[in-house]
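S.K.: Just need the structure, nothing else, for what follows:
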Amino acid sequence: MIVTDKKYFLEKKLVEKLDLMVKRLKGSDDNVLIIDGDEGCLSGDTQIQISRCKVSRRYTLEKLYKHFKQDQHLKKRFDLSLPSYVRSFNGKEIKLHKIKDVVYSGIKKVYKLTLENGLSIKVTTDHNIMTKDGWIELNKLYVGQEIMCDVLNPIAKNRKRIKLYDIQLPIGKNHPYLNKSKRIEVHRLIYEAKINNLEFTEYLDILLNEPEICKTLKFINPKLQEIHHKDGCHYNNSIDNLELLNANEHRIEHGTYSNFSQGIPKFSKVKSIEYIGEEKTYDIQCEEPYHNFVANGIVIHNSGKTNLATGCCYYVAQQTNRHYGIDNIFFDLEKVINFASETKEQIIHWDEAAFGGMATQWWTENQLKFIQLVMTARKKKHFLIICIPRFYKLNEYLIVDRSIGLIHTYARHNIQKGRFFYYNKQNKELLFDDWKRKHKRSYKKYKSFWGSFPEAMPKIFTPEEIQLYEDKKDEAILSVNTKKERTTRRDLKLLLFQYKISLLPKLLGITQTELAKKFGTRQDTISEWGRIPEEYPIIKERLANQ
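M.R.: Next comes the predicted model:
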């Protein structure tokens with residue numbers, strides 16, 4: 001069941017939770033909602049097959065990003081009014097799908113995935129890859145696992161097919177778009193009757209007998225728009241089976257692009273996964289409903305939890321008559337704390353999506369700032385949503401004690417994002433306890449309820465506002481990278497301390513896993529601390545001088 005308002009809609013159970021938060025805003029209670037969901041990124045040299053204006057060619061992801069951001073250094077830039085298409089998996093085959101945007105995700109650690117068929121790709125450790133077992137993060141893949149690969153050329157079918165021709169009617173001379181035989185296709189007439197709010201027979205009668213009334217009717221120009229039969233049967237002219245598309249979109253639906261229409265995916269086994277280092281990373285955002293694309297011939301997932309946060313913020317704003325716009329979305333923690341301190345009764349959306357690859361020490365140093373933000377939000381009666389890649393990035397006090405609820409976004413049927421699990425206070429405790437004891441994210445086991453959500457941003461914000469959002473995000477990412485280069489004395493002490501902890505297994509004769517348990521952290525974290533001198537040359541220099 002769906003609750004609908006003028007622009008946006010959310011699942012009934014989620015709306016009920018938001019309504020409780022709206023009531024709490026009148027008191028002095030916490031109103032913090034946390035949304036987590038994995039998102040990964042690709043290196044800039046990743047090859048993407050793009051179709052524009054019936055022409056197919058390859059671009060590196062970095063160059064594609066520059067085209068979408070209209071980089072002034074490019075000799076010839078994309079006309080963004082013309083759509084760009086990438087190959088996507090729709091559950092059965094790989095077909096063209098429209099790109100919404102290309103985003104820069106910052107400098108992150110990347111790993112090279114190599115398959116037995118020779119294909120390879122460099123991605124972050126948390127990026128989802130399509131396998132025979134569904135979407136799986138890179139860090140959970142194993143050698144021998146089968147990965148979905150694209151077949152660029154469509155596979156020929158040996159079965160013969162009968163060409164279906166459209167039924168046409170002679171309807172006189174009052175229709176402005178008669179074909180050469182002075183007729184009109186029945187499916188176009190049916191659709192035109194609908195947009196004119198007329199019964200089909202009533203519409204035909206007017207076309208045949210009422211030339212003056214015809215001048216006031218709406219017609220479909222076949223040079224600009226075409227009627228598509230959703231099920232492919234040209235004799236099924238039910239209005240529910242008809243869809244109005246522009247000519248370019250119609251060609252894509254019928255796969256008329258030469259060697260770039262549809263393909264049946266194949267699978268190849270994982271040969272190796274190796275750490276490469278830090279590189280600039282990017283991601284592609286596709287339009288609904290298939291949030292995936294082909295990169296280097298491999299089917300990759302793309303990101304999306306900001307949509308759910310936007311929808312929740314918009315709903316609360318509508319119920320409380322509060323303002324919610326791009327100026328309510330923040331990426332910089334200092335800025336959001338200042339905003340929360342200087343205002344009251346605001347909708348605050350802290351979008352961490354840009355910082356999914358931030359170093360562990362960044363999170364450690366900012367836990368107190370997060371607590372300050374939450375306490376300020378309570379005092380000032382703000383509604384606060386925090387988006388993070390994983391719930392355990394925040395400490396137990398913030399996740400379990402101070403937040404009203406936790407939402408985890410994920411992919412439906414291993415193909416489409418747009419699903420969520422919700423966790424109430426009791427289930428949050430169980431989820432976090434499972435993580436502390438087993439380092440296991442038992443999302444499905446402890447969910448309170450689940451549901452779906454649509455793409456919210458285009459329904460709520462104008463294209464100009466969405467572009468402003470992307471500009472703010474890019475600026476924040478660049479700012480973070482600059483801050484990382486300016487390592488403070490306190491940072492150096494912490495890094496040195498962490499590196500020395502990583503040496504204890506050899507000194508004490510214990511394993512990294514045993515040490516991790518003593519410190520209440522993960523074995524992966526100890527391994528990361530052991531690589532600190534490789535990532536920070538200044539630390540390496542200091543160790544050499546000791």
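
S.K.: Pull the number of nearby residues for Asp434.
M.R.: Asp434 has 16 neighbours, counted by other CB atoms under 10 Å. Just so you know, the C-beta spots here come from the backbone N, C-alpha and C atoms, and that holds for glycine as well.

S.K.: Which secondary structure state does Lys76 sit in?
M.R.: coil (DSSP: H, G, I helix; E, B strand; the rest coil).

S.K.: actually His408, not the one I typed
M.R.: Applying three-state DSSP: His408 is strand.

S.K.: quick one, what contacts it?
M.R.: Contacts for His408 (CB atoms under 8 Å, 6 or more residues apart in numbering) come out as Ile35, Asp36, Gly37, Phe391, Phe420, Phe421, Tyr423, Tyr443, Lys447.

S.K.: Secondary structure, distance to Trp135 and neighbour count for those residues - can I get that in JSON lines?
M.R.: JSON lines is the format used below for those (DSSP: H, G, I helix; E, B strand; the rest coil; distance: CB to CB, whole Å; neighbours: other CB atoms under 10 Å):
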{"residue": "Ile35", "secondary structure": "strand", "distance to Trp135": "19", "neighbour count": "23"}
{"residue": "Asp36", "secondary structure": "strand", "distance to Trp135": "16", "neighbour count": "23"}
{"residue": "Gly37", "secondary structure": "coil", "distance to Trp135": "12", "neighbour count": "25"}
{"residue": "Phe391", "secondary structure": "helix", "distance to Trp135": "19", "neighbour count": "24"}
{"residue": "Phe420", "secondary structure": "strand", "distance to Trp135": "15", "neighbour count": "23"}
{"residue": "Phe421", "secondary structure": "strand", "distance to Trp135": "15", "neighbour count": "20"}
{"residue": "Tyr423", "secondary structure": "strand", "distance to Trp135": "21", "neighbour count": "25"}
{"residue": "Tyr443", "secondary structure": "coil", "distance to Trp135": "13", "neighbour count": "19"}
{"residue": "Lys447", "secondary structure": "coil", "distance to Trp135": "18", "neighbour count": "18"}
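
S.K.: closest to Lys13 among these?
M.R.: Checking the contacts of His408 against Lys13 with CB to CB, the nearest one is Phe420 at 10.4 Å.

S.K.: Could I get the contacting residues of the closest one?
M.R.: Leu14, Leu308, Ile407, His408, Thr409, Tyr410, Trp450, Gly451, Ser452, Phe453.

S.K.: ok, 7 Å please
M.R.: Leu308, Ile407, His408, Thr409, Trp450, Gly451, Phe453 (CB atoms under 7 Å, 6 or more residues apart in numbering).

S.K.: And the strand or helix carrying Val336, what does it pack against?
M.R.: Secondary structure assignment for Val336, by DSSP states H and E: helix 333-342. Judged by 3 or more CB pairs under 7 Å, 6 or more residues apart in numbering; DSSP states H and E, the packing partners of helix 333-342 are strand 347-351, helix 360-379.

S.K.: For the most far-flung residue of the chain relative to its centre, give its distance to His175.
M.R.: Distance from the centre of the chain peaks at Asn209, with 52.7 Å (CA atoms, centre = their mean). Per CB to CB, to the nearest Å, Asn209 is found 13 Å from His175.

S.K.: quick one: Asn307 and Met457 touch, right?
M.R.: Yes: counting by CB atoms under 7 Å, Asn307 does reach Met457; the two are 5.9 Å apart.

S.K.: Domains of this structure: list them as residue ranges, please.
M.R.: Here the domain assignment for the chain is 2-39+305-481, 42-154+260-301, 168-253, 487-545, based on automatic domain parsing.

S.K.: Pipe those into a markdown table and attach mean pLDDT per row.
M.R.: Output for those, formatted as a markdown table (pLDDT from 0 to 100):
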| stretch | mean pLDDT |
| --- | --- |
| domain 2-39+305-481 | 77 |
| domain 42-154+260-301 | 80 |
| domain 168-253 | 82 |
| domain 487-545 | 76 |
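
S.K.: Please name the spatially closest residue to Lys66 (chain neighbours excluded).
M.R.: Leaving aside its sequence neighbours, Lys66 sits nearest to Leu74 (CB to CB, 6 or more residues apart in numbering; 5.8 Å).

S.K.: any idea how far His187 is from the one you found?
M.R.: Taking CB to CB, one finds Leu74 at 42 Å from His187.

S.K.: Settle it for me: which of the two has more neighbours?
M.R.: Higher neighbour count among Leu74 and His187: His187, with 23 against 12, using other CB under 10 Å.

S.K.: Which helix or which strand is home to that one?
M.R.: If you go by DSSP H and E, His187 is part of helix 186-195.

S.K.: quick one: the helix or strand following that helix to helix 186-195, angle?
M.R.: Sequence order places helix 200-209 as the next helix or strand after helix 186-195, per DSSP H and E. Orientation of helix 200-209 against helix 186-195 (axes from the mean of the first three to the mean of the last three CA atoms, to 10 degrees) gives an angle of 100 degrees.

S.K.: who does helix 200-209 touch, helix- and strand-wise?
M.R.: The contact analysis (3+ CB pairs under 7 Å, 6+ apart) places helix 200-209 against helix 186-195, helix 211-214.

S.K.: and the residue lying closest to Ile99 once chain neighbours are set aside, how many residues sit next to it?
M.R.: Leaving aside its sequence neighbours, Ile99 sits nearest to Ser84 (CB to CB, 6+ apart; 4.7 Å). A count of nearby residues for Ser84, using other CB under 10 Å, gives 22.

S.K.: dump the residue contacts of Ser84.
M.R.: Shown in contact with Ser84 (CB under 7 Å, 6+ apart): Ile50, Arg52, Phe78, Ile99.

S.K.: Just confirm Ile385 contacts Thr310, I think it does.
M.R.: No: when contacts are counted by CB under 7 Å, Ile385 is not listed as touching Thr310 (9.0 Å).

S.K.: okay, these two: which has more neighbours?
M.R.: Neighbours were counted for Ile385 and for Thr310 using other CB under 10 Å; Thr310 has more, 27 against 24.

S.K.: Near Ile329, how many other residues are there?
M.R.: Using other CB under 10 Å, Ile329 is surrounded by 25 other residues.

S.K.: what bridges to it?
M.R.: When assigned by DSSP bridges, Ile329 has beta-bridge partners His349.

S.K.: That one against Tyr469, yeah?
M.R.: Yes: the criterion here is CB under 7 Å, and Ile329 meets it with Tyr469 at 6.3 Å.

S.K.: how about the CA coordinates for stretch 143-152, as CSV?
M.R.: Taking Å, rounded to 0.1, in the frame of the first residue of the first chain, the C-alpha atoms of stretch 143-152 are listed here in CSV:
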residue,chain,number,x,y,z
VAL,A,143,38.9,-17.4,-7.1
GLY,A,144,36.7,-19.6,-9.4
GLN,A,145,33.5,-17.7,-8.8
GLU,A,146,31.6,-17.0,-12.0
ILE,A,147,31.2,-13.3,-13.0
MET,A,148,28.7,-12.0,-15.6
CYS,A,149,30.3,-10.6,-18.8
ASP,A,150,28.8,-8.7,-21.7
VAL,A,151,28.6,-10.0,-25.2
LEU,A,152,28.7,-6.8,-27.3
